[in-house]
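**Student:** Sequence and predicted model, in that order:
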Amino acid sequence: MRAVLSITKAISCDTRIRILQFLAESELCLCQIIEILRMSPATVSKHLSILSGCGLVDARKEGRWRYYRLPDQPTLEVAAALEFLGKALAKSPVTRKDKGVVRKVLKMDKEALCIHYKGSA
């Protein structure tokens, strides 16, 4: 029961749902997520911490970058939540717009983003 409550609290925020939709497209580093959302590094880190805490997101560190992705082996509850969101938001205008932004950000130089958001990666 606690896992379900934790997951539903995490997905009760539109920003966190958007992050999950970005990560359904591709693994992203913190600077890329900050660029997509246009929010402060601290705010984005807090959202990612909540998502990580309930298992909706996995993180790894590679050099200077911290990467986030959807879990490779999600729990049953996490898999169900991600499947629900994917189906419910597949045709959402916000999701479609965000997918375009994700594609643009993936083409950007991560070094330049890290310099721009110094201290956030």
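**Tutor:** Looks like it came in fine. Residues are numbered from 1 along each chain as shown.
**Student:** pretty sure Ser45 contacts Cys31?
**Tutor:** No. Assessed by C-beta atoms under 8 Å, Ser45 is found out of contact with Cys31, at 11.3 Å. In this view, the C-beta of every residue, glycine as well, is placed from N, C-alpha and C.
**Student:** And these two? Which one has more around it.
**Tutor:** Shown here are Ser45 and Cys31; by other C-beta atoms under 10 Å, Cys31 has more neighbours (26 against 16).
**Student:** The chain: strands as residue ranges?
**Tutor:** All strands of the chain, identified by DSSP state E, fall at 28-29, 58-62, 65-69.
**Student:** which one of those has the most crowded surroundings?
**Tutor:** Neighbour counts (mean count of other C-beta atoms under 10 Å) averaged over each of the strands of the chain peak at strand 28-29, with a mean of 23.
**Student:** If you count contacts, what does it end up packed against?
**Tutor:** strand 65-69, helix 93-106 (3 or more C-beta pairs under 8 Å, 6 or more residues apart in numbering; DSSP states H and E).
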